[in-house]
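[1] sharing a sequence plus its predicted fold:
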Amino acid sequence: MRLEYDENQRDLARALRAKLAGTDPDDVRDCLAELDVYAIETSLRLGLGLGVVVCEELGRHAARDDYRERTGGDRTGEWLRQAAYLLGLAAGAHRLAVRRAFRRRQFGQALADRQAIAFPLAAQFAQLEAVRLLVHRAAWLADHGEDAGQAAARALAYAAEQALEVTAWAVHVHGAYGLTRHAPVHRYYELALQEATHYGDPARLWQIAGP
């Protein structure tokens with residue numbers, strides 16, 4: 001089982017990130033159509049393995065699109081796409097928080113030099129990598145004909161928890177500015193609040209996932 005990106009996934013992630021840069025996050029349909037992502041899961045063997053890459057990049061861009069809903073009623077696929085999207089939201093907010101921590105200064109010192117800020121950011125990075133592993137493991141299981149329902153529920157529960165925690169902390173790092181709609185990080189926070197409970201609150205998802 002490969003949990004790191006393969007060549008196809010890396011190429012797709014790079015292409016999406018480059019294409020989405022500078023694109024209105026409320027209008028990415030043309031961008032996705034140009035890359036033919038709506039058909040990509042059926043054109044290559046590793047369908048969900050590529051689909052979760054698309055969803056993560058959409059989350060990282062804080063984009064709204066119906067791509068996650070194109071699952072044909074498959075609950076495992078829906079949960080994994082949502083988990084990847086939440087992962088992307090958290091990763092995007094975390095990136096903004098790290099950037100802000102290095103640029104914002106208090107009492108002549110960058111916030112990133114303060115343990116109270118740096119340690120949580122480091123811990124969150126590790127947690128997000130763990131979410132990514134869970135998402136890609138579940139996608140691999142589904143793509144290889146295994147029952148991935150429990151793994152998908154576990155990935156979604158963990159992703160939802162981290163999206164709520166990381167985006168809230170990112171707003172905190174931005175200070176009062178982060179509470180305004182002028183701050184890009186605020187969009188990530190709002191989307192996380194909306195999307196983290198789309199399929200039920202994390203506690204309920206953990207119950208479904210089991211021990």
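    Great, that's in hand. The model shown is predicted, which means the values in this text are computed figures rather than measured ones.
[2] in this protein, where is pLDDT below threshold?
    1-3, 41-46, 70-73, 211 (pLDDT under 70).
[3] strands of that one, start to end?
    Under the criterion DSSP state E, the chain carries strands at the ranges 105-106, 109-110.
[4] distance of the residue lying closest to Thr23 once chain neighbours are set aside relative to Arg187?
    Spatial nearest neighbour of Thr23, chain neighbours left out: Cys31 (5.1 Å); criterion: CB to CB, 6 or more residues apart in numbering. Backbone N, C-alpha and C define where each C-beta goes, glycine included. Using CB to CB, to the nearest Å, Cys31 is found at 17 Å from Arg187.
[5] likewise Arg105?
    Distance, Arg105 to Arg187, by CB to CB: 25 Å.
[6] of the two, who's got more company?
    Arg187 (20 against 11; other CB atoms under 10 Å).
[7] mind listing what that one touches?
    Residues counted as contacts of Arg187 (CB atoms under 8 Å, 6 or more residues apart in numbering) are Pro25, Ala62, Arg181.
[8] go with 10 Å
    Pro25, Asp26, Ala62, Ala63, Arg64, Leu89, Gly92, Ala93, Leu96, Thr167, Arg181 (CB atoms under 10 Å, 6 or more residues apart in numbering).
[9] what does Ala63 give?
    Ala63 touches 20, 23-29, 31-32, 55, 57, 85, 88-89, 92, 187, 191, counting by CB under 10 Å, 6+ apart.
[10] returning to what we had before: what's the neighbour count on the residue nearest to Thr23?
    Residues within reach of Cys31, counting by other CB under 10 Å, total 20.
[11] touching, it and Tyr38? I think so.
    No - judged on CB atoms under 10 Å, Cys31 makes no contact with Tyr38 at a distance of 11.6 Å.
[12] would you mind giving the strands of the chain as TSV with distance to Pro202 added?
    As requested, the strands of the chain are exported to TSV (distance: least, CB to CB, whole Å):
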stretch	distance to Pro202
strand 105-106	33
strand 109-110	33
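[13] to Val171, which of those lies closest?
    Counting by CB to CB, Val171 lies closest to strand 105-106 out of the strands of the chain; the figure is 16.7 Å.
[14] neighbouring strands for the closest one, and are they parallel or not?
    Pairing partners of strand 105-106, with direction, according to DSSP bridges: strand 109-110 (antiparallel).
[15] coming back round to it: just the buried residues of the contacts of Ala63.
    Leu20, Val28, Cys31, Leu32, Cys55, Glu57, Tyr85, Gly88, Leu89, Gly92, Arg187, Leu191 (16 or more other CB atoms under 10 Å).
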